[in-house]
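>>> Let me see the structure of the following:
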Amino acid sequence: MHRSMDEPTGGTVPAGSRAHPYAVGPDPGPAPDPARVDPAVLGALLRRHGWHRRGGAQGRYSRWAPPGPATAGTSLLVPDTIAFPDSEDLLAEAVTALTRSAAPSARDILVALTVPSDEIRWWRDVPEGAPGAADWTGSDQLRTAARQILLAGSLAVRGRAGYHGARHRRKARSALDGTLVGPTADGRGLTAFVPVTAGRAVVVQLYAALHAAREAVDYQRATGGMEAFDAAVAAGVSRELTEAVVALVRGAEGTRITLAWAPAAGIPEGCPAGPEPVEFSPGDLPALRLAGVRYLQDEPAVPVRITGAVVRLRRSGPRGPGVVRLRVLAGAEIAHVRIELDEEAYRIAGHAHLVGLPLRVEGRLENRGGFRRLTGASQVAPVQVDEAERDRLMKSLHENVDFFEEACTGEEG
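Numbering: from 1, shown residues only. Reported below is the predicted structural model:
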């Protein structure tokens, strides 16, 4: 069975991202409330998407025509202000006309009116080829790379690092809740609408990180030095971002990423009104790959004190050291961690598991495996919790009884 193009794929999908509501199907969904539409915002969106202003009564209303010959003969009448008695009626008619418009940009304008959103547009210059599987693969590659870039920006908001690994991913994904994703009409592009209320910090961070990555690539190609990539970490560049850009460029003759701010929310402090597009080409891939390797090797281990529920135990025999897996509750922004323990610490972990108590342990998160491994474990001890939390942990324990079997058989998933 084929997977829908709008269905999340892979492990890099932001938790709340979903298909563009106007992208498929005859029903465009609920239209924006005309009473809440700002004529100035609508005019700015029409101008951004290439609509042409064709006269109107000065200071009262303006007429807008969509771009392209296929939509000739259609137009919108948009009031300049809401001060006139017929302003709301004109806005209602304009919104209705957009929902029925054949112009590809109409759906994007409707989304931006419904929820004030910053827009990120990806475009890939791909060679013309036979339709079918190649097109499907290319579209999926574009969608996956775009999601990876969004996640890299959200990770950078949580903290600057050359390599994030498994850290901060839960909160980084939650910051992208509500993000809408839809393809462009020619199939070579993709647009993400990131709600301003929850995601503006991500888009601002991506603006800085993408331009810093572009400058670092230029420096490396001109001088052979990698120092600019080291400095770019402060702007949000990371292994996650360089890998995402590599995925975007691979197989294309060139790529372009464009950002546009939500007219209803204004321009973020320190950012230009119209950010310049950032372009990458196949010639940039060696520098980006070198940077990714450098970030992975240079990111240091992190000292932590973790509290977590023991969900898996394994050792080769009835005695001796063993390996445990914790579901992290506090102390590190990761979901699970693997720890090698000596015989005494392993026995403590086993007892904590049996009675449903969390375990506290100190050590260093290693970047090997994405910061999912703790080395140098010490101060291993169970943590007392209140009855309600204890009952919840015990319920989780009984629902995952297979972990007991793994502890006895020595299996590890």
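>>> ok, P67 touching P104?
No: between P67 and P104 there is no contact under CB atoms under 8 Å: 9.2 Å. The C-beta positions use only the backbone N, C-alpha and C, and glycine is treated the same way.
>>> Looking at these two, which is more packed in?
Remark: of P67 and P104, P104 carries more neighbours, 19 against 13, as counted by other CB atoms under 10 Å.
>>> Was I right to think the more buried one contacts T184?
Yes: under the criterion of CB under 8 Å, P104 makes contact with T184 at 7.2 Å.
>>> For D118, list each beta-bridge partner.
Taking DSSP bridges, one finds V194 as the beta-bridge partners of D118.
>>> Identify the residues contacting it.
By CB atoms under 8 Å, 6 or more residues apart in numbering, the contact set of D118 is 193-194, 196, 199-200, 203, 259-262, 265.
>>> neighbour-wise, which of those leads?
Result: V194 is most packed of the contacts of D118 (other CB under 10 Å), 30 neighbours.
>>> who's in contact with that one?
If a contact means CB under 8 Å, 6+ apart, then V194 has 117-120, 150, 176, 179, 200, 202-203 as its contacts.
>>> What residues sit buried inside whichever helix in the chain runs longest?
Counting residues, the longest helix found in the chain (DSSP state H) is helix 196-223. Neighbour-count burial for helix 196-223 flags 196, 199-217, 219-220 (criterion: 16 or more other CB atoms under 10 Å).
>>> Same question for stretch 99-115.
99, 101, 103-115.
>>> Now intersect these with the helices, please.
99, 105-114.
>>> farthest pair in the residues you listed?
S105 and T114 (14.9 Å; CB to CB).
>>> Run through the strands of this protein in chain order.
Taking DSSP state E as the test, the strands found in the chain are 18-19, 52-53, 61-65, 76-79, 117-125, 180-183, 189-195, 254-260, 278-280, 302-314, 322-330, 336-341, 359-366, 373-382.
>>> P39 is nearest to which of the ones you listed?
Comparing those by CB to CB, strand 76-79 comes nearest, at 5.1 Å.
>>> The closest one pairs with which strands, and in what direction?
Going by DSSP bridges, the partners of strand 76-79 are strand 61-65 (antiparallel).
>>> can you count the residues close to V323?
With other CB under 10 Å as criterion, V323 counts 18.
>>> Surely it is in contact with L341?
Yes: the pair V323 and L341 qualifies as a contact (CB under 8 Å) at a distance of 7.4 Å.
>>> what sits against E240?
E240 touches 148, 151-152, 155, 163-164, counting by CB under 8 Å, 6+ apart.
>>> and those, which of them are in helices?
Using DSSP H, those in helices are 148, 151-152, 155.
>>> re the thing from before, any chance of the ones in helices among the buried residues of stretch 99-115 in TSV, plus distance to L354?
Shown next, in TSV, are these (distance: CB to CB, whole Å):
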residue	distance to L354
T99	60
S105	61
A106	61
R107	56
D108	56
I109	59
L110	56
V111	52
A112	55
L113	57
T114	52
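>>> about what we covered before: and which of the contacts of D118 is nearest L354?
G199 (43.3 Å).
>>> Thought R173 was touching that closest one, still the case?
No: applying CB under 8 Å, one finds G199 not in contact with R173, separated by 11.5 Å.
>>> Mind listing the shared neighbours of those two?
Residues touching both G199 and R173 by CB under 8 Å, 6+ apart: S154.
>>> Mean confidence (pLDDT) on stretch 226-238, please.
Confidence for stretch 226-238, expressed as mean pLDDT, is 96.
>>> Please enumerate residues in contact with it?
152-153, 155-157, 160-164, 205-206, 208-209, 211-213, 215-216, 219-220, 290-291, 294-295.
>>> next one: stretch 269-278
Stretch 269-278 is contacted from outside by 204, 207, 210-211, 213-214, 256-261, 267, using CB under 8 Å, 6+ apart.
>>> Report the buried residues of that stretch.
275, 278.
>>> Quote the end-to-end distance of that stretch.
20 Å (CA to CA, to the nearest Å).
>>> what does stretch 276-295 give?
Rule used - CA to CA; the end-to-end distance of stretch 276-295 is 27 Å.
>>> Stretch 165-174 now?
One end of stretch 165-174 to the other measures 17 Å (CA to CA).
>>> what mean pLDDT does it have?
Rounded mean pLDDT across stretch 165-174 is 88.
>>> buried sites along it?
Buried-residue list, stretch 165-174, by 16+ other CB under 10 Å: 165-169, 172-173.
>>> try stretch 221-235
Under 16+ other CB under 10 Å, the buried positions of stretch 221-235 are 228-230, 232-233, 235.
>>> which regions of the stretch 101-250 of the chain lie under the pLDDT threshold?
128-138, 185-187 (pLDDT under 70).
>>> how does it look with 50?
130-134 (pLDDT under 50).
>>> what about the closest residue to G370 other than its chain neighbours, distance to A231?
Ranked by CB to CB, 6 or more residues apart in numbering and with sequence neighbours excluded, the top spatial neighbour of G370 is G165, at 3.4 Å. To A231, G165 is 21 Å away according to CB to CB, to the nearest Å.
>>> ok, now A103?
For A103, the distance to A231 - CB to CB - is 43 Å.
>>> How about H211, nearest residue that isn't a chain neighbour?
Nearest non-adjacent residue to H211 (CB to CB, 6+ apart): V278, at 6.1 Å.
>>> So what sits opposite the one you found in the bridge?
Assigned bridge partners for V278, using DSSP bridges, are I257.
>>> Find me the pLDDT at it, would you?
97.
>>> can you pull the contacts of the closest residue to L180 other than its chain neighbours?
Leaving aside its chain neighbours, L180 sits nearest to F193 (4.3 Å; criterion: CB to CB, 6+ apart). F193 is in contact with 20, 108, 111-112, 115, 117-119, 179-182, counting by CB under 8 Å, 6+ apart.
>>> And V310, by the same measure?
324-326, 349-350, 352-353, 358-359.
>>> Name the member of those residues with the most neighbours.
V324 leads the contacts of V310 on contacts (other CB under 10 Å) with 30 neighbours.
>>> For the spatially closest residue to S75 that is not a sequence neighbour, give the beta-bridge partners.
Nearest residue to S75 in three dimensions, chain neighbours excluded: A65, at 4.7 Å (CB to CB, 6+ apart). On the basis of DSSP bridges, A65 is bridged to H52.
>>> A65 reaches R54, doesn't it?
Yes: between A65 and R54 there is a contact under CB under 8 Å: 5.2 Å.
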